[in-house]
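just a sequence and a predicted model for now, questions to come.
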Amino acid sequence: MKIVSVECLILDGDYPFVKVHTDEGITGIGECFRRQPGVTKALIEDHLAPAIMGKDPLDTKLRFLDMMGAGSAVEMGGAVFCAMSGLDIALWDIKGKTFGVPIYKLLGGKVRDRVKVYASSMRRDLTPLEEGRRAASFVEQGYSGYKLHSAVPGEIDDPADETIKTVTEVRAAVGDDIDILVDVNGAYSVHQSMYIGAALEDLGVFHFEEPRPAQDLEGLARIADALTIPIASGEMIYTHHEYRDLITKGRVDIIQPDIVKVPGFTEMAQIEALASAFNIPITVHNTQPILSTVAHLHFCAASRMTPYSQEYNIEPISIRDEWPILKEPLEVVDGHIAVPDGPGLGVELDEEMVERLSGG
């Protein structure tokens, strides 16, 4: 089997998807991280696709190394990894379709049939009372966890921050049995992180996410050592080498790889092995509720290092909610999503909708 062509389609002007076609008529599909889709498309078409053209897609590790070299990924970093992610996912989709098995089988077999998810709110414009009411509405829908983004983005220790007030209102609204997760996107100094973190401990928050950026390993370590609340981090790093440092030097309690960043199943498998070696649980970062979520479902189904609820974006997404691109959209039932059992990713795209949204 050989790769004969690669497409990168930007859907609704914002969402980069890939198709990898083979000479045996099997096509793999994948999704890339959505930031700067034009850059992603250029990297795929000009650098990554030529490196794998005419080669066997079933040799996923070799194709991963081909793309690493062609994209100068070690030197160039994040944008290349994000572009590689969709291609790697598509290659694993081809492998599963070729052998007639779901990707979770290729990863060693599933340990769960469905994955528990928490409602991840991306809103930053709600009052504490409004956030509390919103959290309660999702608990009524069957979710047992709710994440909020309460800090002022791009600032450090901004006096307008209402994290403690907001979490207080959310806790009052949802009761004591619901997990609350708090993500502040690195918006605090070390001393403010300790102050806020102590208050979040008292409010029974499940995890405190990215009090400092992942690159501040010393700061994260000081925070983790000072608090009992679990510190989570990792959405802004890409390789198992970086996760090794996050664990050993940053001393975080939970790591958060994103399969459309890290890139793909090939690197996620190495990160999972690292997490297992250090006995560190994984809660995936996942803000894209289409193929990214499907890929995460397969990963979580096969991993014993994902014991907690995983992220699911509850904000309006055009290609899920307005113009669904999956023939059979994913459903959240009682706070869980079933793992697809079909070959490869186990889902099909609505090709008419894909063509419409890609300007075809």
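Thanks, I have it. Numbering: from 1, shown residues only.

so what's Gln89 closest to, chain neighbours aside?
Not Gln; residue 89 is Ile. Gly30 (3.5 Å; C-beta to C-beta, 6 or more residues apart in numbering). The C-beta positions use only the backbone N, C-alpha and C, and glycine is treated the same way.

please, which helix or strand holds that neighbour?
Gly30 belongs to strand 27-31 when elements are defined using DSSP states H and E.

pull the CA atoms of that strand into PDB?
As requested, C-alpha coordinates have been extracted for strand 27-31 and formatted as PDB (Å, rounded to 0.1, in the frame of the first residue of the first chain):
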ATOM      1  CA  THR A  27      -8.600   7.000   2.900                       C
ATOM      2  CA  GLY A  28      -7.600   8.100   6.300                       C
ATOM      3  CA  ILE A  29      -9.000  11.200   8.000                       C
ATOM      4  CA  GLY A  30      -7.600  13.400  10.700                       C
ATOM      5  CA  GLU A  31      -7.900  16.800  12.400                       C
END
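
got the contact list for the helix or strand following that strand?
Scanning the chain past strand 27-31 towards its C-terminal end, the next helix or strand to appear is helix 37-43 (assignment: DSSP H and E). Counting contacts by C-beta atoms under 8 Å, 6 or more residues apart in numbering, the residues outside helix 37-43 that touch it are 8, 10, 13-16, 32-33, 71, 79-80, 82-83, 86.

next one: helix 37-43 to chain centre, how far?
Taking C-alpha atoms, centre = their mean, to the nearest Å, the mean C-alpha location of helix 37-43 is offset from the chain mean by 19 Å.

buried set for it?
By neighbour count, with 16 or more other C-beta atoms under 10 Å as the criterion, the buried positions of helix 37-43 are Pro37, Thr40, Lys41, Leu43.

and the pLDDT for the second one?
This means Thr40. For Thr40, the pLDDT comes out at 96.

now name the helix or strand holding Ala224.
Using DSSP H and E, Ala224 sits in helix 217-226.

same question for Cys300.
helix 291-302.

what mean pLDDT does that helix get?
The predicted model assigns helix 291-302 a mean pLDDT of 98.

likewise stretch 216-234?
Mean pLDDT, taken over the full extent of stretch 216-234, equals 98.

got it, and stretch 21-36?
Looking at stretch 21-36 alone, the average pLDDT works out to 97.

over to stretch 57-73?
Here the mean pLDDT over stretch 57-73 is 93, rounded to a whole number.

circling back to that earlier point, and the helix holding Cys300 with strand 27-31, angle?
When axes from the mean of the first three to the mean of the last three C-alpha atoms, to 10 degrees is applied, the directions of helix 291-302 and strand 27-31 differ by 100 degrees.

and for helix 291-302, what's in contact with it?
In contact with helix 291-302 (C-beta under 8 Å, 6+ apart) are residues 17, 29-31, 89, 102-104, 107-113, 115, 258-260, 264-265, 268, 272, 284, 286, 306, 310, 312, 330, 337, 339-340, 345-347.

give me the PyMOL select line for those residues, limited to the buried ones.
A single PyMOL command is used to select the members of those judged buried by 16+ other C-beta under 10 Å:
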select buried, resi 17+29+30+31+89+102+103+104+107+110+112+115+258+259+260+264+265+268+272+284+286+306+310+312+330+337+339+340+345+346+347
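
so of the contacts of helix 291-302, which ones are in helices?
Ile89, Ile103, Tyr104, Gly264, Phe265, Met268, Glu272 (DSSP state H).

the second one against Gly96, yeah?
Going back to what we said before, that points to Ile103. Yes: counting by C-beta atoms under 8 Å, Gly96 is a contact partner of Ile103 at 4.8 Å.

who touches both of those two?
Among the neighbours of Ile103, those also in contact with Gly96 (C-beta under 8 Å, 6+ apart) are Gly344, Leu345, Gly346.

give the contact list for the second one.
Spelled out, it's Leu345. If a contact means C-beta under 8 Å, 6+ apart, then Leu345 has Ile29, Ile89, Trp92, Asp93, Gly96, Pro102, Ile103, Leu291, Val294, Ala295, His298 as its contacts.

and if you look at the last one?
Applying C-beta under 8 Å, 6+ apart to Gly346 gives the contacts Gly96, Pro102, Ile103, Val294, His298, Val339, Pro340.

now for Asp168, how many residues are close by?
Asp isn't right for residue 168; it's Thr. Neighbour count of Thr168, defined by other C-beta atoms under 10 Å: 16.

quickly find the element holding it.
Assigned by DSSP H and E, Thr168 belongs to helix 163-174.

do a quick rundown of the strands in the stretch 201-350 of the chain.
Shown for the stretch 201-350 of the chain, the strands assigned by DSSP state E, counting those that start in this stretch span residues 207-209, 231-233, 254-255, 310-313, 336-338.

with adjacent residues omitted, what lies nearest to Glu242?
Counting by C-beta to C-beta, 6+ apart, the nearest residue to Glu242 once its immediate chain neighbours are dropped is Ala214, at 7.5 Å.

how close does Tyr104 sit to Ala79?
29 Å (C-beta to C-beta, to the nearest Å).

pretty sure His207 contacts Ser233?
No: in this structure, His207 sits apart from Ser233 without contact. The criterion is C-beta under 8 Å, and the distance is 9.8 Å.

out of those two, which sits in the busier spot?
The neighbour comparison of His207 against Ser233 (other C-beta under 10 Å) goes to Ser233, with 31 against 24.
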